[in-house]
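A.B. asks: Need a 3D model of the sequence below.
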Amino acid sequence: MAYWIKTPAELDERFLQRPTRIGLDTEFIRERTYWPQLALVQMAVGDEVLLIDPLVPGMNEALAKWLADTSILKIMHSASEDLVTFKVACGVLPRPLFDTQIGASLAGIGGGMGYQKLVTAITGVTLPKGETRSDWMRRPLSDAQLQYAADDVEYLFALHDAIEARLQEQGRRQWLADDAERLLASVEHDEERWPHVAMRSAQFMDAASQLRLLRLLRWRDVQARSSDRPRSWILDNELAAQLARTPPVDQEALGKVMDSFPKAPRKLAGAVWQALVTPLADEAQAPLALPANDGNKQALKKLQDAVSARTAELGLPDGVLASRKHLESYLESRQWPAALAGWRQAELESRLQAALPG
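C.D. replies: Here you go, the predicted model:
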């Protein structure tokens, strides 16, 4: 049974019952903004589904009480973007968290499974795909939207029960708790310190160009956050890479480069120039994106083979233990990546040390 919650008082009244667990999902809009705009919250409580309208004044404050109560387990599926949305709208993250997508991976059910596919795999129910591109900000929402929204949390308890049982049998319940907390921490501290490393074009730049790119990307992120606009609207990757690779001699030359890019931020030319030529306090510590060569390709392949072997032994989906990016970081620095701390380090470190080139 689904109920439309239209006042904070209704949500507060339900909160007095203090359930031991709830299922959560959100609908949000992020097409023209940096920060997601919360449009709807779906909450499974007992046998009910609450459809909560966050556009009502005071509703997000009422919702925050649920998120902050650590006596209530929050069950979500593929929660990363929903977590950002809750952080922005409610100022708090849902703890403790049970992410059914992560849990299904660790239980060996499947890696990166979507909600509909996982529901079918565990319950046999086939859910319709109907309203994924809806305008969730409009009011009233249609019956089809409301049914789609309710479906997104209706089966979370069934998923939780099945996955929890498998994880307990396998002795992996703490793995999920650790990964969920790592996900929450990544949302709390979501600034990427070295964004240039993730850009493929950086691999083909010299060190000075990579540092210029780092300056531009750091500036872009600050500007996007403060103006609440998508990063690409501030400065797209292609222009950032060109300015880093071939820096203009002065601000006038910068203007000419921008003239050749239709979406260039001409009104921000002065700020772009300052970002480009002003060294960062920590840029001397910046790692460099390195192009692949035969030597490190072979070394990386050995690490990947070691990970694949352990993945098969544990019955896990590919990619759960370690990503290529983490292995490249380990190969370059010989320092264990923080993202692989905890149970992954226990499972992998000795094997990867043995596979490192001398």
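A.B. asks: What residues sit buried inside stretch 172-186?
C.D. replies: 172-173, 175-180, 183-184 (16 or more other Cβ atoms under 10 Å). (Each C-beta comes from the backbone N, C-alpha and C, glycine too.)
A.B. asks: so who does residue 75 touch?
C.D. replies: Contact analysis of residue 75 by Cβ atoms under 8 Å, 6 or more residues apart in numbering lists 21-24, 44, 98, 100, 156-157, 159-160.
A.B. asks: one more time with 6 Å
C.D. replies: By Cβ atoms under 6 Å, 6 or more residues apart in numbering, the residues touching residue 75 are 23, 98, 156, 160.
A.B. asks: sorry, back to before: which member of the buried residues of stretch 172-186 is positioned nearest residue 217?
C.D. replies: Checking the buried residues of stretch 172-186 against residue 217 by Cβ to Cβ gives residue 183 as the nearest, at 23.2 Å.
A.B. asks: helix or strand for the closest one, which one?
C.D. replies: Assigned by DSSP states H and E, residue 183 belongs to helix 173-188.
A.B. asks: Contacts for the helix or strand just after that helix next, please.
C.D. replies: Heading C-terminal from helix 173-188, the first helix or strand you meet, by DSSP H and E, is helix 207-227. Applying Cβ under 6 Å, 6+ apart, the contact partners of helix 207-227 are 34, 195-196, 202, 231, 234-235, 240, 244-245, 275-276, 280, 283, 286, 288.
A.B. asks: go again using 7 Å as the cut-off
C.D. replies: Outside of helix 207-227, the residues within contact range by Cβ atoms under 7 Å, 6 or more residues apart in numbering are 34, 194-196, 199, 202, 205, 230-231, 234-235, 240-241, 243-245, 247, 275-276, 278, 280, 283, 286, 288-289.
A.B. asks: which of the residues in that helix are buried?
C.D. replies: Those would be 209-221, 223-224, for helix 207-227 by 16+ other Cβ under 10 Å.
A.B. asks: Grab the most central residue of this protein for me.
C.D. replies: residue 80 (4.2 Å; Cα atoms, centre = their mean).
A.B. asks: Quickly note the distance from that residue to residue 231.
C.D. replies: The gap separating residue 80 from residue 231 is 17 Å, by Cβ to Cβ, to the nearest Å.
A.B. asks: one step back: the contacts of helix 207-227, buried ones only, as a PyMOL selection?
C.D. replies: For the buried members of these, the matching PyMOL selection, counting by 16+ other Cβ under 10 Å, is:
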select buried, resi 34+194+195+196+199+202+205+231+234+235+240+241+243+244+245+247+275+276+286+288+289
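A.B. asks: Let's see which of the contacts of helix 207-227 end up in helices.
C.D. replies: For the contacts of helix 207-227, membership in helices holds for 231, 234, 240-241, 243-245, 275-276, with DSSP state H as the criterion.
A.B. asks: can you pull out the strands in the stretch 1-150 of the chain?
C.D. replies: 2-5, 21-29, 37-45, 48-52, 73-76, 97-99 (DSSP state E, counting those that start in this stretch).
A.B. asks: which residues sit against the last one?
C.D. replies: Judged by Cβ under 7 Å, 6+ apart, the contacts made with strand 97-99 from elsewhere in the structure are 73-77, 79, 160, 176, 180, 183-184.
A.B. asks: just the residues you listed now: which is nearest residue 311?
C.D. replies: If you rank those by distance to residue 311 using Cβ to Cβ, residue 176 comes first, at 16.9 Å.
A.B. asks: Which residue is the nearest non-sequential neighbour of residue 118?
C.D. replies: residue 104 (5.7 Å; Cβ to Cβ, 6 or more residues apart in numbering).
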